[in-house]
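Novice: starting from these lines, generate the structure:
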Amino acid sequence: MKIFFKTLIVLTFILQITPINFSHSATTTIDYTYDDLNRLENSDDNSITHTFTYDEVGNITSKKVVGSGSTSNINFNNYSVENYDQPGNNFPSTATIENQGLALRISGNGWRKI
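Specialist: Residues are numbered from 1 along each chain as shown. Take a look at the predicted model:
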């Protein structure tokens, strides 16, 4: 039996990251790692790992998700998204840029507005 759970990260108005955990099993453990400024660096539940990086003023610049047979890299500065399956094959992705009304698609030639 496979047990699924979700982690919701809430950004509060004072820019603190507050983890909220949902679990369907008393044996599920999620490990959180924070930097010296109390920003979330990693969360790991032994099947999926989330890694965050920040710029010098505390904005999230990238998020990497590894697990469940794929890897996703999201760069928040230039809206790039890269997804890989377990063998390392890149597969197409779509991202929507908030508040700009744009939807972008990754293709072999890079980003395209759709």
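
Novice: so T33 bridges to which residues?
Specialist: Beta-bridge partners for T33, by DSSP bridges, are N42.

Novice: any low-confidence regions in this structure?
Specialist: Scanning the chain for pLDDT under 70 picks out the ranges 1-27, 76-114.

Novice: change it to 50
Specialist: Along the chain, segments meeting pLDDT under 50 span 1-4, 10-15, 107-114.

Novice: I'd say D31 and I48 touch.
Specialist: No. If you go by C-beta atoms under 8 Å, D31 and I48 don't touch, sitting 11.7 Å apart. Any C-beta I mention is one placed from the backbone N, CA and C, and that applies to glycine too.

Novice: more neighbours: those two, which one.
Specialist: I48 (15 against 10; other C-beta atoms under 10 Å).

Novice: just the buried residues of stretch 43-53, please?
Specialist: S43, D44, D45, H50, T51, F52 (16 or more other C-beta atoms under 10 Å).
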